[in-house]
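A.B. asks: Sequence first, then the predicted structure, then my questions.
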Amino acid sequence: MNDVAADAAKQAVERVFSEHWGRLLALLTGQLRSLEIAEESLADAFEQAVRHWERDGVPDRPKAWLLTTARRRGLDRLRREATLARKLPLLVVDTEPERGADAALVGEEADAAAIPDERLRLLFTCCHPALASEARVALTLRMVGGLTTAEIARAFLVSEPTMAARITRAKKKVATAGIPYRVPTDADLPDRLGGVLAVLYLVFTEGHSATSGASPVRAALCEEAIRLTRVVSDLLPTEPEPAALLALMLLHHSRRDARTDDEGQLVLLADQDRSRWNRAEIEEGVAFVEHAASFRRVSAYLLQAAIAAEHASARSAAETDWAAIVALYERLERLTGSPVVRLNRAVAVAEREGPDRGFALLAGLDEVLGDYQPLRLARADFLRRMGERAAARLEYARARDLAGNDAERAFLSRRLAELDAD
């Protein structure tokens, strides 16, 4: 096999995995009525794709190829292990599985029409209250977001075997507890909403600030979180929180093209070329902020979205209304009591009143947040601006050791080099 064919097959598999893992798994789970078998079968199909597509070429409809292969694999397992099939707890599905192996993937129009509802089922299944909070997040990141177990483990600062065991227990719980594979009823939906939104926000955060890899942004994951949040917002038009979260995501995501330069190096917010910000997404995000605010129910998502809107509305870094941002962070800290919010408030205060004032607000956060990388980075920046270069260097070095992706490590290395040169 030549290297060109191998590279083409690998790139095609990686592209379909990053863009469609959740869609394919959701549809397959509904067909096989087993989350565990669906995941194993789909993973096996992706492994087969690497070999077959290198030999035979990438098929015209790779998603259909993967779904058909995975479905056959799953059905073969159920038929081969008849005893297992009788004993295996199956998901309660409110509709019969589709008989056509790739009926939902006949074309792009059919694909868009059929799969979103299935992914919503998968999302609510992964976020079911019968699961522990950490299990919901991990299961959603794995099943809906398509993150590897290693990536999820890094995001939660635990070992990979620990996270693998957590995900396995969650999948077994879904089966043995009889958690239904369906969207909750209208009566149950509001109570389930908070947990779902929390999981979606964490999926978005992983995409917005990647825990590993060369780039600080995983745009496809952000877009998946935005798409699913949009579905939830459409489903509950009289609830302000989905709209507020959607606004927050859109406003953050609008800056993605300006967050790195042409060489892939990280660019801080103050230095970004704002002409590269997506104005359509900013306008939509601001509109969702206003829509959510019209309900007059203050929430953490609404306040965070309002802060993001202040940044997005400033024509330049110098024109940023730091007084408004500080005031919003003060309200957010009173609402949540979060030490991370206080850290962010300190950064805003430093911009408004000077680094020494921001540094003072960090007092005591080490005891709560420990070796939290953004805290180290904020301390380093304040110390550098205060002229405490030796102390700043120590903090930058520690922040670099804790950095998750290559672009962030490279940025911090440049900061260290600048301090050394001075």
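C.D. replies: All right, it came through fine.

A.B. asks: And the host helix or strand of residue 378, what does it pack against?
C.D. replies: Using DSSP states H and E, residue 378 sits in helix 373-385. Packing partners of helix 373-385 (3 or more Cβ pairs under 8 Å, 6 or more residues apart in numbering; DSSP states H and E): helix 339-353, helix 355-361, helix 365-369, helix 389-402, helix 406-421. Every residue, glycine included, has its C-beta placed from N, CA and C.

A.B. asks: Would you mind finding the longest helix in this protein?
C.D. replies: helix 3-32 (DSSP state H).

A.B. asks: Quick one: residues contacting residue 6.
C.D. replies: residue 54 (Cβ atoms under 8 Å, 6 or more residues apart in numbering).

A.B. asks: if I look at it, how far off is residue 270?
C.D. replies: Per Cβ to Cβ, to the nearest Å, residue 6 is found 43 Å from residue 270.

A.B. asks: Equivalent analysis for residue 341, please.
C.D. replies: 21 Å.

A.B. asks: Pick out whichever of those two has more residues nearby.
C.D. replies: residue 341 (20 against 10; other Cβ atoms under 10 Å).

A.B. asks: The residue lying closest to that one once chain neighbours are set aside: neighbour count?
C.D. replies: Nearest residue to residue 341 in three dimensions, chain neighbours excluded: residue 333, at 4.6 Å (Cβ to Cβ, 6 or more residues apart in numbering). Applying other Cβ under 10 Å, we find 18 residues neighbouring residue 333.

A.B. asks: gap between the residue sitting nearest the centre point of the chain and residue 224?
C.D. replies: Nearest to the geometric centre of the chain sits residue 203, at 2.1 Å (Cα atoms, centre = their mean). Distance, residue 203 to residue 224, by Cβ to Cβ: 7 Å.

A.B. asks: and if you look at residue 199?
C.D. replies: Counting by Cβ to Cβ - residue 199 and residue 224 are separated by 12 Å.

A.B. asks: And for residue 57, the neighbour number?
C.D. replies: Neighbours around residue 57, by other Cβ under 10 Å: 12.

A.B. asks: for the one 3 residues further on, same thing?
C.D. replies: Residue neighbour count, defined by other Cβ under 10 Å, stands at 7 for residue 60.

A.B. asks: and what of residue 300?
C.D. replies: Neighbours around residue 300, by other Cβ under 10 Å: 18.

A.B. asks: Distance check, it against residue 384.
C.D. replies: 31 Å.

A.B. asks: cool, and residue 195?
C.D. replies: Residue 195 is 40 Å from residue 384, by Cβ to Cβ.

A.B. asks: do the same with residue 268
C.D. replies: 13 Å.

A.B. asks: residue ranges with poor pLDDT in the stretch 151-300 of the chain?
C.D. replies: Low-confidence regions of the stretch 151-300 of the chain, defined by pLDDT under 70, span residues 155-157, 210-216.

A.B. asks: Against residue 338, how distant is the residue lying closest to residue 339 once chain neighbours are set aside?
C.D. replies: Nearest residue to residue 339 in three dimensions, chain neighbours excluded: residue 368, at 4.5 Å (Cβ to Cβ, 6+ apart). Relative to residue 338, residue 368 is positioned 10 Å away (Cβ to Cβ).
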